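K.L.:
Task: produce atomic coordinates for the following.
(one chain, ligands or ions: 2)
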Amino acid sequence: MKSALVSIIGRPSTGKSSLMNALCGQKIAIISPSPQTTRNAVRGIYTDHRGQLLFIDTPGYHNSQKRFNLHLQQIALEGIQDSDLILYVTDAVRQPGEEEQCILKLLKASAVPKIAVINKCDLPRARPKAAESAAAEALGDIPAVHTSAVTRSGLTELLDTLFAMAPEGEPLYPQDYYTDQPPEFRAAEIIREQVINRVSQELPHAVYVEIADMEADETAGKLWIRGFIYVEKESQKGIIVGKRGTMIQAVRRSSQKELARIFPYSIQLDLRVKVQPKWRKNEQVVDRILNYR
Ligand SMILES: Nc1nc2c(ncn2[C@@H]2O[C@H](COP(=O)(O)OP(=O)(O)OP(=O)(O)O)[C@@H](O)[C@H]2O)c(=O)[nH]1
Ligand SMILES: [Mg+2]
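P.N.:
Ligands and ions are numbered 1, 2, ... in the order given. Model prediction:
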């Protein structure tokens with residue numbers, strides 16, 4: 001049997017979370033068109049007759065000295081150090097630039113075996129060769145797989161490559177597990193996804209979600225969830241609440257729908273929006289949301 005810890009590393013928005021979900025066949029990590037969606041090391045599990053792959057999806061590596069970004073970079077760096085294999089994910093549409101070179105330098109310094117994944121190959125403007133050459137130049141002769149997390153092309157080849165390179169070992173989780181993320185974390189992430197996919201520009205970065213209460217009534221088949229959506233300013237609270245509460249009601253409805261997909265209950269969700277000025281500079285808050293375990 002094969003068993004491997006596989007870190008997924010790359011620039012923001014290259015499709016790392018989309019790929020992990022597609023590989024594991026479940027919605028585990030949240031996805032959005034705005035960069036820097038993922039803020040934690042999110043774990044997804046794939047098991048078949050060959051063995052088990054434990055994927056660690058990491059925050060997109062963004063070169064910035066802001067305190068919050070440094071924390072996110074640290075989570076990605078831990079992924080580079082503590083794994084059996086690395087999936088280095090690039091976007092076939094974006095030309096490799098300075099930030100890509102920075103990631104390649106970090107990867108080059110790590111002895112962990114790597115696979116270059118050139119994602120978004122379904123897009124008509126995809127130019128996978130540029131990304132592949134940049135990876136080969138920095139990392140030498142490593143396997144390169146062209147994928148699309150949307151059409152699922154290349155995923156079988158990617159799994160074959162991963163299992164061929166994975167070390168022998170016993171599975172860490174039962175075969176029907178696809179994640180070990182705590183339920184509160186998954187609920188908070190679903191709500192954050194529903195918020196950030198409805199707002200634009202800087203606002204997604206200003207949002208975090210905490211679950212205050214989560215209680216199941218087994219006989220009634222109901223799950224009560226009370227969550228707080230935090231933003232940095234009153235004006236942002238106004239946007240998320242919306243005119244006469246229309247926005248927050250839409251977030252509540254779509255979150256309930258998504259939550260019902262992952263928890264086998266009828267969901268009763270209560271949401272409040274709160275202002276927490278400059279939370280990204282508040283070490284206590286940042287520590288709580290980035291190290292939620
Ligand atoms: N066309 C196309 N779009 C994709 C593909 N993979 C991801 N996307 C889109 O790219 C955007 C970013 O996807 P994510 O999976 O959130 O990217 P990420 O790398 O996890 O982003 P961060 O967590 O911010 O680093 C979303 O709008 C996805 O729908 C793909 O293979 N093809
Ligand atoms: Mg992500």
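K.L.:
Report the mean per-residue pLDDT for the helix or strand encompassing L259.
P.N.:
Per DSSP states H and E, L259 falls inside helix 246-262. Per-region confidence: helix 246-262 scores 96 on mean pLDDT.
K.L.:
Ok, stretch 73-93 next?
P.N.:
Stretch 73-93 comes out at a mean pLDDT of 95.
K.L.:
And that stretch, what's buried?
P.N.:
73, 75-76, 79-80, 83-93 (16 or more other CB atoms under 10 Å). The way it works is simple: take the backbone N, C-alpha and C, and place the C-beta from them, glycine included.
K.L.:
How is this protein partitioned into domains?
P.N.:
2-165, 183-290 (automatic domain parsing).
K.L.:
Of the ones you listed, flag the one that's most buried.
P.N.:
Mean neighbour count, computed with mean count of other CB atoms under 10 Å, is highest for domain 2-165 among these, reaching a mean of 19.
K.L.:
I'd like to know how far the residue nearest to L85 when sequence neighbours are not counted sits from L77.
P.N.:
Closest residue to L85 apart from its sequence neighbours, by CB to CB, 6 or more residues apart in numbering: V6 at 4.7 Å. Counting by CB to CB, to the nearest Å, the gap from V6 to L77 is 16 Å.
K.L.:
likewise G15?
P.N.:
20 Å.
K.L.:
Could you pick out the residues of this protein near ligand 1 for me?
P.N.:
Within the chain, the positions near ligand 1 by CB under 6 Å from any ligand atom are 12-18, 31-33, 35-38, 59-60, 119-120, 122-123, 148-150.
K.L.:
show me which of the residues you listed neighbour ligand 2.
P.N.:
Contacts with ligand 2 within these, as defined by CB under 5 Å from the ion: 16-17, 37-38.
K.L.:
Select from these every entry located in helices.
P.N.:
Using DSSP state H, the members of those that fall in helices are 16-17.
K.L.:
Next step: the buried residues of stretch 73-93 restricted to strands.
P.N.:
Counted as lying in strands by DSSP state E, out of these, are 85-91.
K.L.:
so can I have JSON lines of these showing distance to ligand 2?
P.N.:
Output for those, formatted as JSON lines (distance: CB to the ion, whole Å):
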{"residue": "L85", "distance to ligand 2": "18"}
{"residue": "I86", "distance to ligand 2": "16"}
{"residue": "L87", "distance to ligand 2": "13"}
{"residue": "Y88", "distance to ligand 2": "15"}
{"residue": "V89", "distance to ligand 2": "10"}
{"residue": "T90", "distance to ligand 2": "14"}
{"residue": "D91", "distance to ligand 2": "12"}
